[in-house]
Structures are given as C-alpha cells and as structure tokens.
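Q: Provide a 3D model corresponding to the input given below.
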Amino acid sequence: MDEEERRRKIRDFSFDNCKRGNQGFQRILLQLFGLTAHGKSSFINSVICAWFKSDYKNYANAGDSEDLRTMGRRSYSLTKNIVLVDNRGCPTMNMYETGEIFAQLDVVPTVILTYKDHQNYAGVQTMFRDIGAVQIFAIENYTEKNPKRRRETEEEVIRFLHAVICDVEFRADLPRDADQEMMGRKWFVLNYIHTRELIIQKTNLEKQKLTEKQKLEEDFRRKQEEEERQKKQRRQSLQVRLEEMERDYDRLRSQDQRQFELKMRELKNSKRTKPKN
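A: Numbering: from 1, shown residues only. Got it, this is the predicted structure:
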C-alpha cells in the first residue's frame, strides 16, 4: 500500500463503516502520554504538518520547555473522526506506571520515539518492546530550529496514523459496549491526569522550596563573604595604620636621637672653647 492509499484510508475512516457499525463510538482520540519536554507538542506539530502537507507552524506551542506550557488537555483535529489529544507532560514515568496505563485502558500502546538520531535509540526501542509495545515508530520532529519538511518524517507519520486506523478497525469488529468502555477509560484518564497534576504541583513546590533554600544559602554565603571581606579590609587598614605609626615612631626617634647627639656635640664643643681663668 502506497502513501496515497494510506492517506485515503485515514481520511475516510468512520466507525459507521465498520462491520458492526459504530457500536456507540464516534471518533478516535489519540491520547499522548510522555515525560516532560520529550517532544509531545513537537510531535503534534509534525503530525499536523505532515497530514496537511503544510510548512512548519508551531500549533502546539512547542519550545524549550514545551510540556511545561501544556497546562491541560488540548485537542487537535486531523479529520472529523480523528483527534490528537496533548496531555500535560509527566515529571517521571517508570515501567510500572506505564504498564498500569496500558492495562487500565485495555490497549496495546503505539510508541513514538521522537529523537530518532539519539545514540541510545536501539536501547530505548528494546526497553519498550520488553514492556509489551508492538508498534514503535521513530520520528525526527519538526521544530522551530529544524522546520524544513522531510520526506522520511512525513512518510513515518502517515504509517503511524495508518497503523492506528488498522488497529481500531480490528477492535471495532469485536462486540463492544461503547458507553461502559468510554466511561471507564474517561474516568481513568482524567484521574490519571489529575494524579499527575498533583505530582507535578508537588514537584514544582519542592523545586521552589529547593530554589528558595539555595537562595537563602547563597545569600548567607555572600553575607559571610562580605563580612569576611570587611574584616579583612579592617585588618589591612589597621595593619597599614600600625605600619605608619611604626614609621612615625622610628622617624621621631631618629629625630630625637639626632637632636640629642647634636646637643651633646654642642655641649662638648662648648666645654672645649671655655676660656681658662
């Protein structure tokens, strides 16, 4: 299947066209989860640009601290039936937490590695396969620093979207209870996001406390350094003053000595010149 055929399948997807009909499902929500600043917002920009064949634009406000800007869930429609959802980044996510997400949502995740050129790419890919990921796509995101369109990026984005559609069609052919599934998944996702928000707030508070502590320690250190500098200046000033006093004392003593010697010579001379009776 070539790229245009994949695009057509993605564009025309509808739950109404599945073998069992829509079973209550209306659209696909592609929920994005990942660590903070690992490229989720840049990935959304890349998907939008690749799907619409448009030049780069920062739709998702990606940047150096992109996921810190994602304060809630943001949605981006690709078609009337396919929506990307950008969830706020997680400060940490271990393998247990990742597996718990997959188990609760009852889906096998599609993994996107957003730094394809990273030197440890193979190791990261193996790690995700070890925790059950089957479909793994490697995409070098478009960014403000690297906005030039690349064929390999756009082809990989289309392959990713096509794989999602194929998986959804397979699952839609099975008997489903849409209302119950969506209620359970919505509760889990919202609860998960809320929990992560609390963790993020706690992490930010701890960072703030640490920053304030470091600032206080730095202020105290600077105050000590300033006090030590002033003490040193006072000691130096005192030393200079003492040296000046010693020089003044030596000078006065020399003057007194010379005057004394002069008087002694004068006295001696006066005795020599005194007339005899």
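
Q: State the mean pLDDT of the helix or strand containing Asn204.
A: According to DSSP states H and E, Asn204 maps onto helix 178-272. Helix 178-272 comes out with an average pLDDT of 86.

Q: on contacts alone, who are the packing partners of that helix?
A: Applying 3 or more Cβ pairs under 8 Å, 6 or more residues apart in numbering; DSSP states H and E, one finds that helix 178-272 makes contact with helix 95-105. C-beta: built from backbone N, CA, C; applies to glycine.

Q: Give the rounded mean pLDDT of the helix it packs on.
A: Per-residue scores along helix 95-105 average to 56.

Q: go on, stretch 28-38?
A: 80.

Q: Report the buried residues of it.
A: By 16 or more other Cβ atoms under 10 Å, the buried positions in stretch 28-38 come out as 28, 30-34, 36-38.

Q: Likewise for stretch 147-157?
A: So for stretch 147-157, counting by 16+ other Cβ under 10 Å, buried means 153-154, 156-157.

Q: Can you tell me what sits against that stretch?
A: Under the contact criterion Cβ atoms under 8 Å, 6 or more residues apart in numbering, stretch 147-157 has outside partners 3, 46-47, 49-51, 53, 55-56, 137-142.

Q: how does it look with 7 Å?
A: 3, 46-47, 50-51, 55-56, 137, 139-140, 142 (Cβ atoms under 7 Å, 6 or more residues apart in numbering).

Q: Identify the farthest-apart pair in the residues you listed.
A: Farthest pair in the contacts of stretch 147-157 (Cβ to Cβ) is Asp55 and Phe137. Separation: 22.3 Å.

Q: who has more neighbours, these two?
A: Per other Cβ atoms under 10 Å, whichever of Asp55 and Phe137 has more neighbours is Phe137, with 16 against 10.

Q: Identify the residues contacting the more buried one.
A: Counted by Cβ under 7 Å, 6+ apart, Phe137 has contacts 112, 156, 159-160.

Q: now swap in Arg20 and tell me
A: 172-173.

Q: Quickly note the distance from it to Ile28.
A: The gap separating Arg20 from Ile28 is 16 Å, by Cβ to Cβ, to the nearest Å.

Q: circling back to that earlier point, inside helices: which ones of the contacts of stretch 147-157?
A: Judged by DSSP state H, helices contain the following of the contacts of stretch 147-157: 3, 46-47, 50-51.

Q: Out of those, which end up buried?
A: Among the ones in helices among the contacts of stretch 147-157, those scoring as buried are 46-47, 50-51 (criterion: 16+ other Cβ under 10 Å).

Q: Among these, which one sits closest to Arg247?
A: Of those, the one sitting nearest to Arg247 (Cβ to Cβ) turns out to be Ser46, at 78.5 Å.
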